[in-house]
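> got a sequence here, can you model it:
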Amino acid sequence: MVSKDQRRRQLAREKFARQQQRRTVAQHKAKRRNVIVASILAVVLAAGAAAYASAGLAGGSDESDKAASPPSPTTAPDPCRQPAKGSPSQQTWKKEPAMSIDTAAAYTAKLSTTCGGIELKLDAAKAPHTVNSFAFLAGRHFFDHSRCHRMVDQQIFVLQCGDPTGTGGGSPGYKIPDENLKDPRLKGGVYPAGTVAMANNYDGKHADTRNTGGSQFFLVYQDSPLPANYTPFGTVTGGMDVLKKIAAAGTRPDPKIGSTAPNATVVIDKAAVTKS
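Residues are numbered from 1 along each chain as shown. Modelled structure (predicted):
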């Protein structure tokens, strides 16, 4: 005959065993969630594929990136309209365009997108090569009809555009130097919300992967911890609500770029740079 005291101890042991089992299951889920987050960050912000590591963003992807399961896409409706008629540019150039901007002047850019207008203030004084290239490409309609192909909404928060191929590997055919990497806005290893910066292929280790910017740029819509490896060349002065709307629609895995793409139909119908 089991006494009441023995029965209480037995029930306590069974309760403890159930708690341990739930704790073990929770730990496994947390570990898997961390792997998923790491896999998302492994493909952020390079002109081709890129890997996010503690030392920075390292170039290239590997089989472990592909094996990890991406997050389930959200089911939010597309908040954007259909793109204007036209085809992405196929132009390329052999070398960086000659300097034609006035570094003492003020330059602004407007991205007329399917989701709304986004206005940028460009910093010609601190990033002359980058702003000169951006203005050159905009003037030749290089960005027109191009899709913003990548969005990351886990731990860093960026929308990446500027690749007419939509693959993450497109470029204008030339490279531009890194600039303004000591900008005080990047203090503490954070690119603040509203930053406009260039993507590149820097792997965090090798000097020959520096100075590899091209046409791809990213818009930071929420403070994002990133090493100061990406030329900040402007600030979003209008359209943060547009970026938030795009972010609210969520992301989906895109095997073509090895990363996540916005669920929203984000296409730059027209890009224009103005001197004032």
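> pairing partners for the helix or strand harbouring residue 273, with directions?
Assigned by DSSP states H and E, residue 273 falls within strand 267-275. According to DSSP bridges, strand 267-275 has the following sheet partners: strand 107-113 (antiparallel), strand 146-147 (antiparallel).
> now render those strands as a markdown table, adding mean neighbour count, distance to residue 265 and mean pLDDT.
All C-beta atoms are positioned from the backbone trio N, CA, C, and that covers glycine. Supplementary listing: the strands paired with strand 267-275 in a markdown table, determined by neighbours: other C-beta atoms under 10 Å; distance: least, C-beta to C-beta, whole Å; pLDDT from 0 to 100:
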| stretch | mean neighbour count | distance to residue 265 | mean pLDDT |
| --- | --- | --- | --- |
| strand 107-113 | 21 | 9 | 98 |
| strand 146-147 | 24 | 8 | 98 |
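> of those strands, which is nearest residue 249?
Smallest distance to residue 249 across the strands paired with strand 267-275 (C-beta to C-beta): 13.2 Å, for strand 107-113.
> now do that closest one: everything it contacts.
With contact meaning C-beta atoms under 8 Å, 6 or more residues apart in numbering, strand 107-113 is reached by 80, 101, 117-122, 124, 131, 134-135, 138, 143, 148, 161, 234, 237, 239, 242, 266-276.
> cutoff 7 Å now
Contact with strand 107-113 is made by 101, 117-122, 124, 131, 135, 138, 266-276, as judged by C-beta atoms under 7 Å, 6 or more residues apart in numbering.
> which of those are buried?
Neighbour counting with 16 or more other C-beta atoms under 10 Å marks 101, 118-122, 124, 131, 135, 138, 266-271, 273 as buried within these.
> hey, where'd the helices end up in this structure?
With DSSP state H as the criterion, the chain has helices at 4-41, 63-67, 128-139, 240-248.
> what is the mean pLDDT for stretch 203-215?
Within the predicted structure, the mean pLDDT of stretch 203-215 is 96.
> list the buried ones in that stretch?
203-204, 209-215.
> same question for stretch 250-260.
Buried residues in stretch 250-260, counted by 16+ other C-beta under 10 Å: 250-251, 253-254, 257-260.
> send the alpha carbons of stretch 82-99 over as CSV?
What follows is stretch 82-99, C-alpha atoms only, in CSV (Å, rounded to 0.1, in the frame of the first residue of the first chain):
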residue,chain,number,x,y,z
GLN,A,82,2.5,47.0,-60.2
PRO,A,83,5.8,48.3,-61.8
ALA,A,84,5.7,50.8,-64.6
LYS,A,85,6.3,49.4,-68.1
GLY,A,86,10.0,49.0,-69.0
SER,A,87,12.9,46.7,-68.7
PRO,A,88,15.9,46.8,-66.3
SER,A,89,19.2,48.2,-67.7
GLN,A,90,21.8,45.9,-69.3
GLN,A,91,24.4,48.6,-69.6
THR,A,92,27.9,48.2,-68.1
TRP,A,93,31.0,50.3,-68.2
LYS,A,94,34.7,49.4,-68.1
LYS,A,95,35.8,51.9,-65.6
GLU,A,96,34.5,54.3,-62.9
PRO,A,97,33.0,57.4,-64.4
ALA,A,98,35.1,60.6,-64.4
MET,A,99,34.4,62.9,-61.5
